[in-house]
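Visitor: give me coordinates for this.
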Amino acid sequence: MSSEVSTEYLVIGAGPAGLQASYLLSRAGRDHLVLDAGDAPGAFFTRFPRHRTLISINKVHTGWDDPELNLRTDWNSLLSDEPSLLFTGYTPRYFPSAEDMVRYLGDFAAKHDLPIRFGTRVVSVTRPDDFVAHDQDGNTYRARRLIVATGVSKPHVPPIEGVEHAERYDEVSVDPADFTGQRVLIIGRGNSAFETADNLVETAAVIHVAGPGSLKLAWQTHFVGHLRAVNNNFLDTYQLKSQNAVLDGRVLAVRPDGDGFLVPVSFARVDERVKEIRYDRVILATGFRFDASIFAPECRPRLTINDRFPDQTPAWESVNVPDLFFAGTITQARDFKKSTSGFIHGFRYGVRALHRVLEHRYHGVPWPTLDLDPTPAAVVDAVVARVNRTSALWQMFAFLADTVLVGPDGTTRYAEEVPVDHLHEAVGRGDFGEVDSYLAVTLEYGADHDRVNPFDITAGRTSQQDTSGLDGRYLHPVVRHFRAGELLGEHHLTENLENEWDSEEVHRAPLLEFLRARLAPTAADAP
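Guide: Residues are numbered from 1 along each chain as shown. As a prediction, the model looks like this:
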């Protein structure tokens with residue numbers, strides 16, 4: 001017999017983002033329900049990555065006692081007040097197994113007694129007034145607000161002639177013996193493609209990895225979704241001439257030819273020369289996309305970035321469907337290939353910020369702030385303390401900011417972890433009360449950081465004694481002063497090898513000088 005459930009918030013998806021959202025909603029006492037098609041939390045990780053090794057780092061031994069600092073090198077834990085619920089307690093492996101993630105997420109949901117209905121696949125979402133979700137058994141779930149945390153569940157299939165003849169990453173065999181002596185083409189240039197290639201090095205006769213554009217390496221771009229070192233052993237076999245290759249070009253077609261395939265490839269580096277190459281197997285490893293098919297036309301979110309993700313406001317709300325919010329890897333539309341919203345160590349903070357947005361908008365709970373003494377010296381102390389400890393600004397570099405809010409009467413308040421774009425909108429709307437001007441404190445890589453080889457000692461890295469910090473390429477704090485969204489001034493703290501920005505001469509004194517020039521001086525700060 002079908003039934004109807006009404007709730008304030010409905011969360012679709014019980015992966016890491018859905019669990020993080022549910023934990024925060026539960027702690028705030030908000031009526032909500034989580035729906036998930038799987039039998040347990042994190043069903044995605046029961047299948048992916050196909051070769052079962054995560055690329056999210058798990059550094060157990062840091063030498064630090066501060067749990068906030070430890071989250072800088074723990075990319076898998078969700079945020080909670082329970083010290084025992086840290087992923088680092090589940091395995092010592094630096095690159096852990098996906099099975100460890102499944103076990104961890106199951107414990108997180110159980111220990112917090114999160115309200116989740118498993119085995120509940122949402123087949124449609126309508127909006128006659130409230131949102132109404134329908135499951136496979138005809139049950140309905142009514143909610144005023146909807147948080148979608150389903151991830152990217154639909155394979156991204158590029159428009160290539162004959163692409164249906166390729167084997168998809170999510171279905172192809174992971175047994176190397178099945179490829180013994182074969183010529184294999186892998187279409188795609190991301191970690192799934194190279195993970196697949198590495199798995200076949202010992203058995204395949206020839207492996208080509210193909211895709212347009214130059215190959216991007218995470219250690220240089222600082223975007224962890226680009227090729228990670230743990231998956232790049234295949235590059236050795238290419239550069240050392242072991243029959244394998246990376247093809248910089250576009251695959252034009254996949255054409256059956258007897259027991260194999262003929263594949264014309266347009267090579268970008270030789271004036272678009274087209275060469276037809278024969279393969280025994282073709283594997284498609286071109287990533288995934290958000291599936292919006294469950295939404296009725298009246299509440300279907302607009303998509304962006306080649307229709308791969310839902311288009312979102314700075315508050316992670318659909319740009320065309322009010323009260324429809326997103327959490328998790330699909331929020332990378334806001335910082336695509338620039339920061340870390342696509343990964344647990346980034347979006348866990350994004351979900352916390354989303355929760356604060358929801359608390360303010362719907363429940364009148366202000367964003368948490370701390371009163372500061374209205375002096376530049378007090379602001380320096382607060383900023384330096386935070387940048388030397390924060391994990392949120394560290395992980396969500398250039399995306400999340402701490403802010404110092406200066407009132408018309410000179411009062412000063414400190415708020416943590418506000419999305420930069422949302423900060424400007426929120427101040428403009430008066431969400432933070434009366435604000436005359438404000439500081440945005442971020443951690444950022446410098447301009448053109450992806451063009452600098454960090455292993456080249458002649459690359460001209462900035463001296464750690466350079467008090468200006470402006471030319472720093474490595475991660476470093478940046479303090480910007482705004483009024484009504486207009487940039488009034490900018491200061492960079494000099495980069496530091498140990499990421500310790502607390503030198504009196506190099507870091508504190510230049511920042512104090514900047515703030516004295518920007519903020520109204522007081523007698524307490526007079527020389």
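Visitor: show the pLDDT at residue 238.
Guide: Per-residue pLDDT puts residue 238 at 87.
Visitor: and the helix or strand encompassing it, what does it pack against?
Guide: Using DSSP states H and E, residue 238 sits in helix 233-239. Under the contact definition 3 or more Cβ pairs under 8 Å, 6 or more residues apart in numbering; DSSP states H and E, helix 233-239 sits against helix 191-200, strand 206-211, strand 245-251. Heads up, the C-betas are built off the backbone N, CA and C, glycines and all.
Visitor: past the last one, which element shows up next along the chain?
Guide: Using DSSP H and E, the helix or strand that follows strand 245-251 towards the C-terminus is strand 255-257.
Visitor: strand partners of that following strand, parallel vs antiparallel please.
Guide: In the sheet, strand 255-257 lines up against strand 260-267 (antiparallel) (DSSP bridges).
Visitor: report the buried residues of the partner strand.
Guide: Within strand 260-267, the residues scored as buried using 16 or more other Cβ atoms under 10 Å are 261, 263-266.
Visitor: that one vs strand 245-251, what angle?
Guide: Between strand 260-267 and strand 245-251, the angle comes out at 80 degrees (axes from the mean of the first three to the mean of the last three Cα atoms, to 10 degrees).
Visitor: go through whichever helix or strand comes after strand 260-267 and flag the buried ones.
Guide: Per DSSP H and E, the first helix or strand lying C-terminal to strand 260-267 is strand 273-279. Using 16+ other Cβ under 10 Å as the test for burial, strand 273-279 gives 277, 279.
Visitor: with stretch 44-55 instead?
Guide: 44-45, 48-50, 54-55.
Visitor: from those, which shows the smallest pLDDT?
Guide: At the low end of pLDDT for the buried residues of stretch 44-55 is residue 50, which has 87.
Visitor: how much space separates the nearest residue to it once chain neighbours are set aside from residue 246?
Guide: Distances taken as Cβ to Cβ, 6 or more residues apart in numbering place residue 174 nearest to residue 50, at 5.2 Å, with adjacent residues excluded. Distance, residue 174 to residue 246, using Cβ to Cβ, to the nearest Å: 21 Å.
Visitor: which of the two has more residues huddled nearby?
Guide: Higher neighbour count among residue 174 and residue 246: residue 246, with 20 against 14, using other Cβ atoms under 10 Å.
Visitor: which residues sit in contact with residue 250?
Guide: Counting by Cβ atoms under 8 Å, 6 or more residues apart in numbering, residue 250 touches 212, 265-266, 268.
Visitor: same question, residue 499
Guide: Per Cβ under 8 Å, 6+ apart, neighbours of residue 499: 388, 475.
Visitor: against residue 278, how distant is residue 255?
Guide: 10 Å.
Visitor: who touches both of these two?
Guide: 261-263.
Visitor: closest to residue 387 out of the residues you listed?
Guide: For those, the residue nearest residue 387 by Cβ to Cβ is residue 263; the value is 50.3 Å.
Visitor: per-residue pLDDT, the closest one?
Guide: Confidence score, pLDDT, at residue 263: 97.
Visitor: what does residue 154 give?
Guide: 89.
Visitor: and for residue 378?
Guide: 97.
Visitor: need the contact list for it.
Guide: So residue 378 contacts 372, 412 (Cβ under 8 Å, 6+ apart).
Visitor: now name the helix or strand holding it.
Guide: Using DSSP H and E, residue 378 falls in helix 376-387.
Visitor: if we can go back for a sec, how about CSV for the shared contacts of residue 255 and residue 278, with distance to residue 167 added?
Guide: CSV is the format used below for the shared contacts of residue 255 and residue 278 (distance: Cβ to Cβ, whole Å):
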residue, distance to residue 167
261, 11
262, 16
263, 13
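Visitor: tell me where the stretch 251-400 of the chain has helices.
Guide: Secondary structure of the stretch 251-400 of the chain (DSSP state H, counting those that start in this stretch): helices at 344-363, 376-387, 392-395.
Visitor: give me whichever of those helices is most buried.
Guide: Mean neighbour count (mean count of other Cβ atoms under 10 Å) peaks for helix 392-395 among the helices of the stretch 251-400 of the chain, with a mean of 24.
Visitor: who does residue 309 bridge with?
Guide: Taking DSSP bridges as the rule, residue 309 bridges to residue 304.
Visitor: with adjacent residues omitted, what lies nearest to residue 281?
Guide: Spatially, and ignoring its direct neighbours in sequence, residue 281 is nearest to residue 184 (4.8 Å; Cβ to Cβ, 6+ apart).
Visitor: the strand or helix carrying the one you found pairs with which strands, and in what direction?
Guide: Taking DSSP H and E as the definition, one finds residue 184 inside strand 183-187. Taking DSSP bridges as the criterion, strand 183-187 pairs within the sheet with strand 206-211 (parallel), strand 281-284 (parallel).
Visitor: could you dump that strand to CSV, C-alpha only?
Guide: Taking Å, rounded to 0.1, in the frame of the first residue of the first chain, the C-alpha atoms of strand 183-187 are listed here in CSV:
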residue,chain,number,x,y,z
ARG,A,183,45.5,-3.7,-28.5
VAL,A,184,43.3,-1.4,-26.3
LEU,A,185,42.2,2.2,-26.8
ILE,A,186,40.9,4.1,-23.7
ILE,A,187,39.0,7.2,-24.5
